[in-house]
Every structure is written in structure tokens, then in C-alpha cells.
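Colleague: model this:
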Amino acid sequence: MTMDPEGQSSAIAEVNQDTFEREVLRSTVPTLVAFGASWSKPCGILKSVLSEVVKDCEGKARVVRVNVDDNPDLGLWYGIESIPTLLWFIGGKVHARIVGTATKAAILAKLETPPSSP
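Modeller: Purely as a prediction, here's the structure:
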């Protein structure tokens, strides 16, 4: 993982069951979580799109990934039935979901939609 001059990561960090609460649920910034697997061709395609999303979200949000093969309980907990699935967390709660591959514009549009009031 490479770091920019301010110490921010320019790569997509991987989180697991042990780090998910700290890195996602307690995050002080909105976090996009990509659930996927290394063997999945659609996940591989989405990985390059997410690298572009990381650049656009720098300082405003984080992008992390979860390998569902290594962390099946997280996949079950969040109802991941197909990969890739993107979950957008704000304040520890799921705000939006995208299932399957998506364009950078579609992902950013979903991320820029303000959360609805309870």
C-alpha cells in the first residue's frame, strides 16, 4: 500500500472480521465497502473502477474491501448474496447498496446522495 505525502493511503485497504468494527462502523468518515473475492472476474473489473473512486473521494470518504471467502460471517451479516456488492456506510449504518459492477459515475452518484432522515 502506498501513502501520499499527507500519510493517506492511495490503495484500497482490506478489512476483515477483526478490524471491520474499528475501520468501518466506528469510522469518522463515510466508508464504501466492496465485498468480493479474488477469483471473481467482475470483482477484478470493479477493482480498477474503485481505484478511480478512491482518488475522487480522497479526504471525504474511505474505500475498503472485504474478501467474503476469508470473512464469510461479514457476508452473512450484511446479506451479501452476489459479488461484487458495495455497501456505503455513514455513521456505522448502511446508507446505500450497489450489487454487481458499476461505472465510476454511478458509484459516485450513489455516494453523493444525502442520507435520508430517520
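
Colleague: neighbours around V24, how many?
Modeller: Neighbourhood size, V24 [other C-beta atoms under 10 Å]: 19. Where you see a C-beta, it was placed from the backbone N, CA and C, and this is true even at glycine.

Colleague: please apply the same query to A109.
Modeller: Based on other C-beta under 10 Å, the number of other residues close to A109 is 12.

Colleague: show residues contacting the helix or strand encompassing it.
Modeller: Here A109 is covered by helix 104-112, with elements defined by DSSP states H and E. For helix 104-112, the external contacting residues (C-beta atoms under 8 Å, 6 or more residues apart in numbering) are 30, 32, 49-50, 52-53, 56-57, 61, 86, 88, 96, 98, 102.

Colleague: any weak-confidence spans in this protein?
Modeller: In the prediction, the chain carries residues with pLDDT under 70 at positions 1-10, 114-118.

Colleague: sorry, back to before: ok, so of the contacts of helix 104-112, who is nearest N16?
Modeller: Taking C-beta to C-beta as the measure, N16 sits nearest to L32 out of the contacts of helix 104-112, at 16.6 Å.
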